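Novice: Pasting a predicted model and its sequence here:
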Amino acid sequence: MINNYKEFKDFLNNLESKPKLLLHACCGPCSTHTIDLLNKYFDITIYYDNSNIDTLDEFNKRLEEVKKVVSNFENVKLVVGDYLPQTYYEAVKGDETLGEFSSRCYKCMALRMTNTYNYAEENGFDFYTTTLSISPYKNSDWINEIGYRLASSGSPQFLYSNFKKEEGYKKSIKMSIELALYRQHYCGCVFSKKELEEKQNG
Ligand code: SF4
């Protein structure tokens, strides 16, 4: 198990082949730097699975931006998970009003990472991970805890995730501007949209 970013970088530099990685992506901007960092080391397939997003229109809008990012890298593939918002509402039931950084987000991330793990297992990937940790609004410790727990049976392995390190978030913003990507102002769920509107209205 990798415990910190230094161990993660050492691990990357010691890879002798390009293992198959299923990389869960929440949106285009978060995919930019993450793919840029990992593409040299892995045979990457992006998994866009985000039933947390409030509407199908917004789900498709973010998906289009992911496609733009993927088209900028050679050999990166894309798989799209089903949009099943009911699974999100069931996962966060009881925690809807707790706000960002709460157990609502833990459960939301666990749902998407579980779907990613399952797809990776069913399709013979060596590793899986998620772009979610690039955001300063996401708790990387939670992401790594969920990731290693799901993969405790052995295969696929979880790839340590803390892509905000080495100015990862700043780099993702720079790349998003260069690619003229849509950068959403709310995390994704209907609750985060409402929370943003409340903040904006004072
Ligand atoms: S704020 Fe973001 S991470 Fe938290 S529940 Fe909503 S969509 Fe999921």
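Specialist: Sure thing, it's come through. Residues are numbered from 1 along each chain as shown.

Novice: Near Leu179, how many other residues are there?
Specialist: Leu179: 15 surrounding residues under other C-beta atoms under 10 Å. Heads up, the C-betas are built off the backbone N, CA and C, glycines and all.

Novice: Leaving out sequence neighbours, find the closest residue to it.
Specialist: Closest residue in space to Leu179, ignoring its immediate chain neighbours: Lys68 at 6.0 Å, by C-beta to C-beta, 6 or more residues apart in numbering.

Novice: who in this protein is up against the ligand?
Specialist: The chain comes close to the ligand at residues Asn52, Val92, Glu100, Arg104, Cys105, Cys108, Met109, Cys187, Gly188, Cys189, Phe191, Ser192, as judged by C-beta under 6 Å from any ligand atom.

Novice: Which pair of the residues you listed spans the longest distance?
Specialist: For these, the farthest-apart pair by C-beta to C-beta is Met109 and Phe191; their separation is 14.3 Å.

Novice: Is Asp43 in contact with Pro19, as I believe?
Specialist: Yes - in this structure Asp43 lies within contact range of Pro19 using C-beta atoms under 8 Å: 6.9 Å.

Novice: which ones are touching Lys68?
Specialist: By C-beta atoms under 8 Å, 6 or more residues apart in numbering, the contact set of Lys68 is Gly28, Leu179, Leu181.

Novice: Throw those into a markdown table and include pLDDT and secondary structure, thanks.
Specialist: Shown next, in a markdown table, are the contacts of Lys68 (pLDDT from 0 to 100; DSSP: H, G, I helix; E, B strand; the rest coil):
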| residue | pLDDT | secondary structure |
| --- | --- | --- |
| Gly28 | 98 | helix |
| Leu179 | 97 | coil |
| Leu181 | 98 | coil |
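
Novice: For the ligand, state which of those residues is nearest.
Specialist: Gly28 (15.8 Å; C-beta to the nearest ligand atom).

Novice: Now do the same contact list for the closest residue to that closest one other than its chain neighbours.
Specialist: Leaving aside its sequence neighbours, Gly28 sits nearest to Glu65 (C-beta to C-beta, 6+ apart; 2.9 Å). For Glu65, the contact set (C-beta under 8 Å, 6+ apart) comprises Cys27, Gly28, Pro29, Leu181, Tyr182.

Novice: Could you do Lys20 as well?
Specialist: Under the criterion of C-beta under 8 Å, 6+ apart, the neighbours of Lys20 are Phe42, Asp43, Thr45, Gly124, Phe125, Asp126, Phe127.

Novice: Tell me the spacing between it and the ligand.
Specialist: As judged by C-beta to the nearest ligand atom, to the nearest Å, Lys20 and the ligand stand 27 Å apart.

Novice: Quick check: phi and psi on Lys20?
Specialist: Main-chain dihedrals, Lys20, degrees, to the nearest 10: phi -80, psi 120.

Novice: Break down this protein into its strands, ranges please.
Specialist: Remark: strands assigned in the chain by DSSP state E are 20-24, 43-48, 77-80, 127-130, 157-158.

Novice: Just say which of those strands is most tucked in.
Specialist: strand 127-130 (a mean of 26; mean count of other C-beta atoms under 10 Å).

Novice: what comes into contact with that one?
Specialist: Under C-beta under 8 Å, 6+ apart, the answer for strand 127-130 is 19-26, 42, 47, 109, 112-113, 116-117, 120, 143, 147, 151, 156-161.
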